[in-house]
Structure formats: C-alpha cells, structure tokens
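[1] Show me how the following folds:
(one chain, ligands or ions: 1)
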Amino acid sequence: MFKEDLLKGKKILVTGGGTGLGREMAKHFAMHGAELYICGRRQNVLEETANIITSKYDSKVYFDTLDIRDSKDVDDYVQFIFEKGPLDGLVNNAAGNFISPTKDLSPKGFDAISNIVFHGTFYMTHSVGKRWIESSKKGSIINILTTWVWTGSPYVVPSAMSKSGINTMTKSLAAEWGKYGIKINGIAPGPFPTKGAWERLNPDNNDESMMDTVPLGRVGEMIELQNLATFLMADGCDYLTGQTIGIDGAQYLTGGGTFSQLDKLTDDDWEKMRQLIRNANNKDKANRT
Ligand code: HXC
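    Model (predicted):
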C-alpha cells in the first residue's frame, strides 16, 4: 500500500511494543524504514520482537524494560532516548485490561488498569511532547484506544473510563500543541485478536458470539491496523489531528443502532415483514374510510 521507504529517517517509540498490536505496528514501521524504540515490562518478549524485526528488515530496534506507571522512570527513559536523538513518533499502545463485573472489582483492580492506561499514557505523552516543544521539533502521536470511548462498555469499566480520558487528551492536545507542529490522533480498533488481550477479554474463546456483532462477519486483519498506523505516522497528512479513527468493521455503529438485530433476517423473513407491514397499512386505510 505504501512506498517501502515511507518512514525512512523516522525514530518511533512504541510502548508495549514487545507483544500484540504494539509488536505488529512496530514491525510495519520497520518494514517502511523507521528506526524503532520498543519498551514494556518483560525483557524476554522485547528481545524476541527486536530479533524478529532486525532479522527481517534493515532497521535498528532498541528495546528497554519500562513500567509506564512510574512517571520518573518514564521521563528518565525518554531523556535517555532524546540524548541519542529526538523521536519523530510515539505510539501509546501499552495497556492493561480484563473483563470483570464492576461490583466485584477492588480499588486495586481499578488502579491496576487506570494507572497503566490513564496515568501511564499521560506520563509518556507529556515527557515526549515537552521535549518536542522545547526543541521546536514536530512529531506525531498515536493513541491506541477502543470504540468504548464513544459508547462506554460494561464489564471493562476501568478501561473504558481510562481510554475515554485519553480520547479527551487526544482532542485537547491536538488543539493545544497544533501550533508546535505536533499532531495527535487515536486508533480505536474493534476485535483484532492478540494473545494478551484475548486471554483477558475473551477467555473462553467465544469468537462466534463476538463475530455476530460485526457486520463484516470477521475479526480485523492485522495488516489493516498496521496500514492505518503507518498512514498516521507518515508525513503528508499533518492537517489530520485530534481524530480518533474507528477500525472495527462497523461493530460499534451496529451495536448502537436500534435495529441492528435485523441484520440476521433472511430474504424470506423480510418478505414476511413486508407482508405484515402491508396488512397493518391496509387495516389502517380501511378504518379511515
Ligand atoms: C478481578 C482482578 C483481575 C480479574 C487482576 N485483578 N485481575 N480483579 N478480575 N480478572 C485485581 C487483583 O485482584 C488485584 O487487586 C489488582 O487487580 C492488581 O492485580 P495484579 O495482578 O497485581 O496487577 P498487575 O500485576 O499490576 O497487572 C495488571 C493487569 C494485568 C492489568 C491486571 O492483566 C496486566 O499486566 N495486563 C497487561 C496486558 C493486558 O492486559 N493486555 C490486554 C490489553 S487489551 P487486589 O485487591 O485483589 O489486590 C486492551 C483493550 C483491547 O487494553 C480492546 C479490544 C476490543
């Protein structure tokens, strides 16, 4: 879809880049010539991802362990990167989530999610953004959100609340930091199965009931998400900022519609419906005369 060297010369940091969506986006950036920084809590998966990328693509990948819940560690890490040279892009991908009835959550369970998603994402954005502003360097930020930022969602309330906050940060900073040449957008993926997310959000592997809710009848293909992230990271569309783009096969629009369940009707069912409606109309007309 893109020129091979689309991201050549760009340095991009992907948080949570050792696994899942972060790893896939990092791979695609490297494939298009970017130099990568990836961080996360587990050294082994970061190293594995760096090895996979460097064995396949002519790209440098630096990996470091980091828990984004610690604001000082975040700032030290970003300082360490910028001492070697400024970043061009940041993908706030690191997240934590699990399904649970909200009444059963402990305060620590709430904090476990919100400290990563809400606080950690801000710490990282702030650390990178202020350095861009100080050095008059332009940059691009992508926040990985969910469609729950528009609808809310039961059973993942700490995540829905935290990601909604980051969606608000996306819009707010687009306005505040636009004058510095910093663009900031969100990607709201629907179901893109990855091991980490699916173990916590779909632990009984009930893909079928989830697919019922997607008009396209399938989960997302990783390349679709990779292409969107690469497009947002590339130059050429700087006027696009402050936007959160859903990529979910219209799942959330369908779920929110009053008549979404009609998607399941066959042509025969529709013919019966038409007949019933006609009967009702005719009855009305008969009563009028
Ligand atoms: C209820 C739970 C729980 C569960 C943990 N807790 N899991 N409560 N149900 N299933 C509670 C614990 O009991 C404890 O509270 C508190 O949370 C902290 O637990 P820890 O295990 O000590 O937390 P920690 O080690 O900090 O781990 C954080 C984590 C973990 C979020 C809980 O799952 C994690 O590190 N996840 C990272 C990867 C991840 O989640 N990926 C999925 C992202 S998907 P008490 O009071 O008992 O001490 C995503 C959106 C995808 O973000 C959208 C797709 C459509």
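[2] Close to the ligand: what parts of the stretch 1-150 of the chain are there?
    95, 96, 97, 98, 100, 105, 106, 108, 109, 112, 113, 146 (CB under 6 Å from any ligand atom). C-beta coordinates here come from the backbone N, C-alpha and C atoms, glycine included.
[3] Just the buried ones from these?
    Among those, those scoring as buried are 95, 96, 97, 98, 100, 105, 112, 113, 146 (criterion: 16 or more other CB atoms under 10 Å).
[4] For these, which two are the farthest from each other?
    Pairwise distances across those (CB to CB) peak at 18.0 Å, for the pair 105 and 146.
[5] What is the neighbour count of residue 126?
    Residues near residue 126, counting by other CB atoms under 10 Å, number 16.
[6] Phi, psi for it please.
    For residue 126, the backbone dihedrals (degrees, to the nearest 10) come out as phi -70, psi -40.
[7] mind checking pLDDT for it?
    Residue 126 is assigned 98 on the pLDDT scale.
[8] now swap in residue 256 and tell me
    Looking at residue 256, its pLDDT is 69.
[9] And for the one 3 residues further on?
    At residue 259, the model reports a pLDDT of 76.
[10] Report the separation between it and residue 175.
    Residue 259 is 36 Å from residue 175, where distance means CB to CB, to the nearest Å.
[11] okay, the two: which has more neighbours?
    A direct count of neighbours by other CB under 10 Å for residue 259 and residue 175 places residue 175 higher, at 11 against 7.
[12] from what I can see that one touches residue 184, true?
    No. Using CB atoms under 8 Å, residue 175 is not in contact with residue 184; the gap is 9.7 Å.
[13] can you list residues touching both of those two?
    Common neighbours of residue 175 and residue 184, counting by CB atoms under 8 Å, 6 or more residues apart in numbering, are residue 242.
[14] SS state for residue 14?
    Following DSSP: H, G, I helix; E, B strand; the rest coil, residue 14 is assigned to strand.
[15] Report how many residues lie close to it.
    Residue 14: 31 surrounding residues under other CB under 10 Å.
[16] Adjust the sequence numbering to begin at 42 for everything that follows.
    Sure thing, new numbering starts at 42, so read that last one as residue 55.
[17] That one pairs with what?
    On the basis of DSSP bridges, residue 55 is bridged to residue 79, residue 132.
[18] gap between it and residue 134?
    6 Å.
[19] Just confirm residue 200 is within a helix.
    Yes. Assessed by three-state DSSP, residue 200 belongs to a helix.
[20] That one: what's it in contact with?
    Applying CB under 8 Å, 6+ apart, we find residue 200 in contact with 136, 137, 138, 154, 158, 187, 189, 194.
[21] Please name the nearest non-neighbouring residue to residue 138.
    Distance criterion CB to CB, 6 or more residues apart in numbering; nearest residue to residue 138, sequence neighbours excluded, is residue 200 at 4.4 Å.
[22] Sorry, wrong one. I was asking about residue 231.
    Residue 231's closest residue in space is residue 289 (CB to CB, 6+ apart), at 2.5 Å.
[23] In terms of helices and strands, where is residue 246?
    Assigned by DSSP states H and E, residue 246 belongs to no helix or strand.
[24] check contacts around it.
    By CB under 8 Å, 6+ apart, the contact list for residue 246 reads residue 239.
[25] how near is it to the ligand?
    According to CB to the nearest ligand atom, to the nearest Å, residue 246 and the ligand sit 15 Å apart.
[26] For residue 240, see how far away that residue is.
    Note on residue 246: its distance to residue 240, by CB to CB, is 10 Å.
[27] Same question for residue 96.
    Where residue 240 is concerned, residue 96 sits at a distance of 27 Å (CB to CB).
[28] No more questions from me, cheers.
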